[in-house]
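Student: I'd like to go over a predicted model; first the sequence, then the structure.
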Amino acid sequence: MNVQEKQKKKKKLLKSGSIRNSNLSEISAGDPYQNSLLDVLYDLIASIKKDRIESEESMCESKKLFALNTLR
């Protein structure tokens, strides 16, 4: 992953409110280990966000099915 892609991800996450750490831009200029850690952090946040969305969708579907079953 190149620097531009990392910056785009960081900006996207900051806009979405997922990360509220003002020091994130300072960390991204660090050594390769820190950049690898940031990659892992971005992947982790994306995974958590995806899981949360899938959970909400599943809850909505469950509520719909429950409502249909109670009407019968």
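Tutor: Now that the structure is in, tell me what you want to look at. Numbers count the residues shown, from 1 in each chain.
Student: CA only for contacts and neighbour counts going forward, please
Tutor: Will do.
Student: quick one, helices of the protein?
Tutor: 3-16, 24-27, 32-71 (DSSP state H).
Student: least reliable of the ones you listed going by mean pLDDT?
Tutor: When the helices of the chain are ranked by mean pLDDT, helix 24-27 comes last with a mean of 50.
Student: since we're on Lys63, how many residues are nearby?
Tutor: Lys63: 12 surrounding residues under other C-alpha atoms under 10 Å.
Student: so how far is Asn69 from it?
Tutor: 10 Å (C-alpha to C-alpha, to the nearest Å).
Student: ok, now Leu44?
Tutor: Leu44 is 37 Å from Asn69, where distance means C-alpha to C-alpha.
Student: the more surrounded of the two?
Tutor: Under the neighbour definition other C-alpha under 10 Å, Leu44 and Asn69 were set side by side, and Leu44 has more, 12 against 9.
Student: ok, that one to Lys50 distance?
Tutor: 10 Å.
Student: and what of Val40?
Tutor: From Val40 over to Lys50 the distance is 15 Å, taken as C-alpha to C-alpha.
Student: and Glu57, by the same measure?
Tutor: In this structure, Glu57 and Lys50 are separated by 11 Å, where distance is defined by C-alpha to C-alpha.
Student: what does Ser62 give?
Tutor: Using C-alpha to C-alpha, Ser62 is found at 18 Å from Lys50.
Student: same check on Ser58?
Tutor: Plainly put, Ser58 is 12 Å away from Lys50 if you go by C-alpha to C-alpha.
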